[in-house]
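Enquirer: fold the following for me, if possible:
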Amino acid sequence: MGACQAFGSGSNPGECIIIYDIMSKNKQLIKDKVHYLVDFAVSEFNSDKPNPYVYDYVKLSFKLAKTINYRVPKEIHRKVCKKCNSIRNIENTKIRTERRKVNGIYRKYIKINCLSCGNIKKIAI
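Expert: Below is the predicted model:
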C-alpha cells in the first residue's frame, strides 16, 4: 500500500503532493495555535482578573502538540509546570542554584520548585 492509498486517494502522484502540502500547512497552523494558547494563558494569568480556564488552555496546547508529535520549545516548558499545568511566576515558584558532583566533575544546575504541586525541574547550566 502506497502513501497515497493510505489517505484514500488514487495512485496519482500529484494528489499525494497536494495531500502532504495540506498536512504540512495544518501542522504549521497547530504549531502557531500551541504558541498562541500558551502566550494567551500567560497574559490571562498576569491580568487583574484571574481567568479560571488558564490551566485548560495550557493543557489543550500540550495536547495539540502531542497530536502532531511536535516538541514544545524550551521557553514554553520553562514557563509552565509539567505536573499541574500552572504558569510559573514569582509567587508560585522557588528558584535555587545547585552544585553536584557527577562522575567526578562538579556540575551546576538551576533547580525550579513549583510551590503549587511540589514538582522539581532541574536545568543544567
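Enquirer: so V72, which of the three states?
Expert: coil (DSSP: H, G, I helix; E, B strand; the rest coil).
Enquirer: what about it, how many residues nearby?
Expert: Burial measure for V72: 17 neighbouring residues, criterion other CB atoms under 10 Å. From N, CA and C alone the C-beta is placed, and that goes for glycine too.
Enquirer: once you drop chain neighbours, what's closest to N26?
Expert: Of all residues not flanking N26 in the chain, I68 sits nearest, at 7.9 Å (CB to CB, 6 or more residues apart in numbering).
Enquirer: surely the one you found and K27 touch.
Expert: Yes. Between I68 and K27 there is a contact at 5.1 Å, judged by CB atoms under 8 Å.
Enquirer: OK, contacts around Y57?
Expert: Residues near Y57 by CB atoms under 8 Å, 6 or more residues apart in numbering: L37, V38, F40, A41, E44.
Enquirer: which of those residues are buried, as a ChimeraX select command?
Expert: Selection command for ChimeraX covering only the buried members of these, criterion 16 or more other CB atoms under 10 Å:
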select :37,38,41,44
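Enquirer: which one of the contacts of Y57 is nearest to I112?
Expert: Using CB to CB, V38 comes nearest to I112 of the contacts of Y57, at 17.0 Å.
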